[in-house]
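# sequence? don't have it. structure:
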């Protein structure tokens, strides 16, 4: 019973992660097209922070479920080492979402966008630059991981006749 509940929770968290990723990704593609300093740009940034925070939280819960209830191999045609490798890539995808969320939080905090105590200035250009570069690097990392997972899934379809395109497992 507990394993069925964990499987259902993992499935729901995976779908939530996918939807939140799409929302953040579309927002990320649209934001640069909006003039800096406008109210619309600020709304887009705040929406990005909110959706990214939810994606990070869902990813944390997904990693927790993954660690305590590891996914079981349900495709008899897929070799064990291929199954382990694809799930390792998917696990790292969620870890990259968490790392990107942390770097995004540090970037927003050091830029003064997020403040915990009113009137306290938290602007730190050095931390903002480092966390900004990390935020971008983790973005490129998860794009690369998604491409690798898709290519591996297509390979599994051709080689082993295992039809599964779940990137966010």
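Perfect, thanks for sending it. Every value quoted in this text rests on a predicted model; they were computed, and no experiment measured them. Numbers count the residues shown, from 1 in each chain.

# can you give me the helices in this protein?
Along the chain, counting by DSSP state H, helices occupy 2-30, 39-68, 80-110, 125-160.

# deepest in the core, which of those helices is it.
Highest mean neighbour count among the helices of the chain (mean count of other CB atoms under 10 Å): helix 80-110, with a mean of 19. To be clear about C-beta, it is placed using only N, CA and C from the backbone, and glycine gets the same treatment.

# for it, packing partners?
Counting contacts by 3 or more CB pairs under 8 Å, 6 or more residues apart in numbering; DSSP states H and E, helix 80-110 is packed against helix 2-30, helix 39-68, helix 125-160.

# wait, doesn't residue 83 sit right on residue 73?
Yes: using CB atoms under 8 Å, residue 83 is in contact with residue 73, at 4.8 Å.

# thinking again about what came up before, so which of the helices of the chain is nearest residue 169?
helix 80-110 (4.5 Å; CB to CB).

# chain center to the closest one, what's the gap?
6 Å (CA atoms, centre = their mean, to the nearest Å).

# next, the angle from it to helix 39-68.
With axes from the mean of the first three to the mean of the last three CA atoms, to 10 degrees as the basis, helix 80-110 and helix 39-68 are set at 140 degrees to each other.

# and the average pLDDT for helix 80-110 is what?
Taken as a whole, helix 80-110 carries a mean pLDDT of 95.

# number the residues from 2 up from this point.
OK, 2 is where the count begins now, so the last one is helix 81-111.

# in this protein, which ranges drop under the pLDDT threshold?
For the chain, the stretches with pLDDT under 70 are 2.

# grab the most central residue of it for me.
The geometric centre of the chain, computed from its C-alpha atoms, lies nearest to residue 98 (CA atoms, centre = their mean), at 3.0 Å.

# quick check: closest non-adjacent residue to it.
Using CB to CB, 6 or more residues apart in numbering and skipping residues adjacent in sequence, the residue nearest residue 98 is residue 60, 4.0 Å away.

# same check on residue 78?
Nearest non-adjacent residue to residue 78 (CB to CB, 6+ apart): residue 161, at 4.9 Å.

# what sits against that neighbour?
Residues counted as contacts of residue 161 (CB atoms under 8 Å, 6 or more residues apart in numbering) are 76, 78, 79, 80, 83.

# for the nearest residue to residue 21 once chain neighbours are set aside, give me its contacts.
In space, and not counting its chain neighbours, residue 21 is closest to residue 56: 4.1 Å by CB to CB, 6+ apart. Contacts for residue 56 (CB under 8 Å, 6+ apart) come out as 18, 21, 22, 25, 98, 102.
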